[in-house]
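> Okay, predicted coordinates and the sequence, questions at the end:
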Amino acid sequence: MSPTPTLLWLRRDLRLNDHPALSDAAKHGEVLPVYIHSPAPKNGRAMGAAQRWWLHQNLETLDQNLRQKGGNLVLRKGEPLAVLRDLIQETGAQRLVFTHAYDTATRAQDNKITQALTKDGIEVQAFGGHLLHEPWDILNKQGGPYRVYTPFAKACFEHPVTPPLPAPPTIPFPAKFPRSDKLSDWGLCPSKPDWAQQMAKEWEAGEDAVRRQLNTFIKNGLEHYHTERDRPDLDGVSRLSPYLALGVISPRQIWQAVQQTGRAYEKGPHTYLKELLWREFSYHQLYHQPDIMRHPIQPSFARFPWRISKRDLAAWQQGKTGYPIVDAGMRQLWRTGWIHNRVRMIVASFLVKDLRLSWQEGEAWFWDTLIDADPASNPASWQWVAGCGADAAPYFRIFNPTLQEKKYDPKGDYVRRYVPEWKGQGSTTYPAPLVDHTLARREALEALSLIKRQAD
Ligand code: FAD
């Protein structure tokens with residue numbers, strides 16, 4: 001047992017269960033949990049506005065859970081290295097533990113901090129827990145990263161998943177805690193106008209809430225997931241992504257819960273596990289590819305003739321494109337901070353193919369408005385839809401939003417929920433279509449053939 005506390009630096013791992021860094025710290029002696037509200041790392045980006053609101057809620061519940069165990073969460077604002085050094089000086093801590101991040105900017109920052117603190121004589125250790133498998137553990141036969149999802153998923157299914165760790169039954173805390181900021185002083189929640197009101201009705205923060213959500217899905221949704229997951233009008237998906245994005249639950253906890261049903265090989269559960277592996281595949285790309293947020297994985301797309309139109313971008317963002325399913329999706333996003341996956345694909349395809357605005361514009365808007373905004377899944381999925389990602393849907397496959405709506409929202413229940421003024425063709429209160437899909441499709445294919453010709 002160490003006589004000095006271990007600093008547990010929390011980031012996107014706001015939980016007590018299945019937390020390898022916390023479990024390790026608790027084994028060594030006293031634990032001092034800290035969350036640092038810091039500027040974006042160099043070349044990285046700060047959390048978007050909707051997720052900051054969600055962060056506030058989850059920091060609050062984590063603090064409550066720590067208080068029940070006799071401690072609390074120490075909140076500090078500033079550059080992480082400076083804050084950590086202050087805390088080390090104030091508490092005499094000799095160790096720092098945290099959970100791995102995978103984006104280039106945060107990794108570079110973590111390396112710098114590790115080197116600096118090691119030089120100061122502090123023991124620094126990073127742990128897994130955010131993923132089922134570390135991206136350096138799943139490699140192809142040549143020892144390189146996978147570029148195609150199916151063999152990647154096959155390799156993951158062949159790799160045993162380590163069972164999740166229980167929360168430490170007791171956490172040894174120091175007798176005296178250092179000063180903490182007041183969460184409400186950080187301004188993470190909007191004030192005027194308070195656009196988070198509807199989000200607050202839809203989402204309950206914390207580990208207890210996500211456990212209930214998971215149990216309900218396992219009981220009611222898992223069996224039919226393969227048939228209902230594409231229907232935004234039904235309650236057919238797990239809605240766990242906001243919790244995964246901030247690490248309120250770990251993927252291993254979800255994986256194990258599915259395995260424990262004893263029916264993981266049936267169609268519903270198996271399809272669900274495969275979706276969790278899309279998240280892993282996104283992290284695989286984030287780790288192995290340079291800066292997927294900015295650069296297309298397929299380099300020829302850097303020459304794609306994207307249009308620039310503030311007017312069209314605003315119509316898409318505000319859900320006023322005149323295509324009901326697109327508008328319903330964009331309004332669901334604005335109101336609730338989340339969109340159903342099928343509708344994410346439809347709205348993303350509409351932006352990059354019908355409007356021919358760049359996927360980076362869409363990715364940035366999602367980053368700011370999703371509560372589940374994820375540094376891997378968001379850029380990887382946008383690149384997938386745009387046709388420039390790893391193993392992407394080819395750009396020439398262009399969704400027809402009207403047919404998608406008929407197929408996946410057959411009675412119009414989803415559209416009516418978010419676009420109540422839509423009364424069918426010729427509605428006077430609803431905008432006329434921003435573009436003609438047939439024409440837009442032809443123009444998109446011409447733009448594609450341009451970059452293909454340049455590549456030949
Ligand atoms: P479920 O269908 O219940 O799936 C369970 C879990 O599997 C999800 O929580 C998620 O972790 C994972 N998953 C499912 N589908 C995917 C997928 N296609 N790619 C990666 N992981 C997946 N997901 C995010 O978590 N954050 C994002 O920022 C994000 N941005 C996206 C942007 C676009 C353009 C698209 C097309 C998809 C995006 N996704 C993102 C993936 C997916 O839409 C969401 O993970 C899913 O809709 C979340 O809802 P759920 O938890 O009910 O999913």
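Right, received. Where do you want to start?
> and the gap between His284 and Glu202?
Noted for His284: a distance of 31 Å to Glu202, by Cβ to Cβ, to the nearest Å. Quick note: C-beta positions are derived from backbone N, CA and C, even for glycine.
> what about those two, which has more around it?
More crowded of His284 and Glu202, by other Cβ atoms under 10 Å: His284, with 28 against 14.
> From the ligand, how far out is the more buried one?
11 Å (Cβ to the nearest ligand atom, to the nearest Å).
> helix or strand for that residue, which one?
If you go by DSSP states H and E, His284 is part of helix 267-288.
> which other helices and strands contact that helix?
helix 149-158, helix 225-228, helix 251-259, helix 377-386 (3 or more Cβ pairs under 8 Å, 6 or more residues apart in numbering; DSSP states H and E).
> what sits against the closest residue to Arg307 other than its chain neighbours?
In space, and not counting its chain neighbours, Arg307 is closest to Arg356: 4.6 Å by Cβ to Cβ, 6 or more residues apart in numbering. Applying Cβ atoms under 8 Å, 6 or more residues apart in numbering, we find Arg356 in contact with 305-307, 440, 443-444, 447.
> which of these count as buried?
Buried subset of these (neighbour count, 16 or more other Cβ atoms under 10 Å): 306, 440, 443-444, 447.
> wait, which of those residues is closest to Leu351?
Nearest to Leu351, judged by Cβ to Cβ, of those is Trp306 at 10.2 Å.
> That closest one reaches Leu355, doesn't it?
No. When contacts are counted by Cβ atoms under 8 Å, Trp306 is not listed as touching Leu355 (9.5 Å).
> What separation do you get for the residue most central in space within the chain and Ala264?
Central residue of the chain (Cα atoms, centre = their mean): Asp374, 2.5 Å from the mean position. Distance, Asp374 to Ala264, by Cβ to Cβ: 24 Å.
> Now do the strands in the stretch 51-200 of the chain.
74-77, 95-99, 123-127 (DSSP state E, counting those that start in this stretch).
> buried stuff in the last one?
Same thing as strand 123-127. In strand 123-127, counting by 16+ other Cβ under 10 Å, buried: 124, 126-127.
> what does the first one give?
Applying a neighbour-count criterion of 16+ other Cβ under 10 Å, one finds 74-76 buried in strand 74-77.
> Stretch 266-280 now?
Buried-residue list, stretch 266-280, by 16+ other Cβ under 10 Å: 268-269, 272-273, 276-280.
> and if you look at stretch 70-88?
Neighbour-count burial for stretch 70-88, counted by 16+ other Cβ under 10 Å, picks out 71-76, 80, 83-85, 87-88.
> again, but for stretch 292-301
292-293, 295-298, 301.
> Pipe the residues you listed into CSV and attach distance to Tyr149 and pLDDT per row.
What follows is the buried residues of stretch 292-301, written out as CSV (distance: Cβ to Cβ, whole Å; pLDDT from 0 to 100):
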residue, distance to Tyr149, pLDDT
Ile292, 15, 94
Met293, 20, 93
His295, 20, 93
Pro296, 17, 94
Ile297, 13, 93
Gln298, 15, 90
Phe301, 19, 91
